[in-house]
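In: model this:
(2 chains)
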Protein chains: 2
Amino acid sequence: MTTTDYIRDGAEIYRNSFAIIRAEADLDGLDPILARTVVRMIHSCGMVDLRADVAASAGFGAAAEGALRAGAPILCDTMMVASGITRKRLPADNEVVCTLNDERVPELARELGTTRSAAAMELWRERLAGSLVVIGNAPTSLFRLLELVEAGAPRPAAVIGVPVGFVGAAESKVALAEHESRLEHLVVHGRRGGSAIACGAVNALASEQE
Amino acid sequence: MTTTDYIRDGAEIYRNSFAIIRAEADLDGLDPILARTVVRMIHSCGMVDLRADVAASAGFGAAAEGALRAGAPILCDTMMVASGITRKRLPADNEVVCTLNDERVPELARELGTTRSAAAMELWRERLAGSLVVIGNAPTSLFRLLELVEAGAPRPAAVIGVPVGFVGAAESKVALAEHESRLEHLVVHGRRGGSAIACGAVNALASEQE
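Out: All right, here's what the predicted structure looks like:
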């Protein structure tokens, strides 16, 4: 192929991409909200077999979509997640929050004996009630969220828990899925995950438009 | 496992992660710069088999590392890539540039009949010479880069070409790898790629520190 031989129309690229994903991925058994969410998660990583590792609580789709429509803030573990959320898709000009670079975080991490990612969540407390929590990177953040809820912190409306990696990621997602608090949740089991997949999920939940 | 039963020490998490990757991934045949780059790319996506799809020109590692040390700007196709580059790892306080949200881009895209991602690169021209180009998202950006070079634009020192997805991504990476301009390049062949993998590569090239 020559360099000049490619599709330049952004809308057509999207249409073709989603058509390929819907043809190749097995979306049976997913409610419509979750189906379009999984499509965008697959779109963000290029792997149709991601579907096999996706799990969600029965009420997740409705809870997350409803929270966004009601104006819930979106609490993100990293700046990459925050910057990948397409603002114009958000239904209520929702606030997108990442506290990782707050100047108080390094000291908090030392005090609490944990990572900066986990410590940053201390600064979420006043916004947690009814929020959409999105953890795309650090397993420690997801574990910390569960600790906060166990200790009586306000409950988010739903949690997208897709940390990535080799140490604690898989375990943190099992912990969320099986947690006694029964938080509404979406996870990608195993090592895969990451900020792009997290953003794909948020952008799908934010708007029905493909 | 209980929620309280996890590693909280960020440095230990990194050490364990990289040890697992080096034990599981086949890094034979990679020069030291490329080996540490592939380790961080794998770290960013949780998949040791990514190695099989990674390809680079023989001079890529030295060219990219040398450019960064010499103060080259890092030209990124998306804000997610720009926000995932760890500034404190950069050896020369390198400028990190993303022009996608520049107010001139929508009009440029209409004029050129291409995507906003590709149009945004018109605004890179004065910084292209000797730069590190990082394309983590849009195949159209990678194709456009090749067109610019064909048309006589200044040459970047090296190109990280890891767009992700189902329409044009694989083709754009083959086009870069086989291009007559023989740009120094790093690609992930196939559909996989994305901003996290792109950032993993940049962060590895920026510093030898794991």
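In: CA atoms of the helix or strand harbouring A:Ala196 as PDB?
Out: For A:Ala196, the host element (DSSP states H and E) is helix A:195-206. Below are the C-alpha coordinates for helix A:195-206, written out as PDB (Å, rounded to 0.1, in the frame of the first residue of the first chain):
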ATOM      1  CA  SER A 195      -6.000   4.200  31.200                       C
ATOM      2  CA  ALA A 196      -7.100   3.800  27.600                       C
ATOM      3  CA  ILE A 197      -9.500   1.000  28.500                       C
ATOM      4  CA  ALA A 198     -10.800   3.000  31.400                       C
ATOM      5  CA  CYS A 199     -11.400   6.000  29.200                       C
ATOM      6  CA  GLY A 200     -13.100   3.900  26.600                       C
ATOM      7  CA  ALA A 201     -15.600   2.700  29.200                       C
ATOM      8  CA  VAL A 202     -16.300   6.200  30.500                       C
ATOM      9  CA  ASN A 203     -16.700   7.700  27.000                       C
ATOM     10  CA  ALA A 204     -19.200   4.900  26.200                       C
ATOM     11  CA  LEU A 205     -21.200   5.400  29.400                       C
ATOM     12  CA  ALA A 206     -21.300   9.100  28.800                       C
END
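In: all strands of chain A, in order?
Out: A:54-56, A:74-76, A:96-97, A:132-135, A:158-161, A:185-188 (DSSP state E).
In: Show me what the helix holding A:Ala196 is packed up against.
Out: Here helix A:195-206 touches helix A:32-45, helix A:60-69, helix A:79-84, strand A:132-135, strand A:158-161, helix B:79-84, helix B:195-206, going by 3 or more C-beta pairs under 8 Å, 6 or more residues apart in numbering or on different chains; DSSP states H and E. For the C-beta atoms, the positions are set from N, CA and C on the backbone; glycine is no exception.
In: I'd like the ones you listed laid out as TSV, including distance to B:Glu24, mean pLDDT and mean neighbour count.
Out: Listed next are the helices and strands packed on helix A:195-206 as TSV, based on distance: least, C-beta to C-beta, whole Å; pLDDT from 0 to 100; neighbours: other C-beta atoms under 10 Å in any protein chain shown:
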stretch	distance to B:Glu24	mean pLDDT	mean neighbour count
helix A:32-45	20	97	23
helix A:60-69	32	98	22
helix A:79-84	25	94	25
strand A:132-135	24	98	30
strand A:158-161	24	98	30
helix B:79-84	23	94	25
helix B:195-206	16	97	28
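In: could you give the angle of the helix holding A:Ala196 to helix A:32-45?
Out: If you take axes from the mean of the first three to the mean of the last three C-alpha atoms, to 10 degrees, helix A:195-206 sits at 150 degrees to helix A:32-45.
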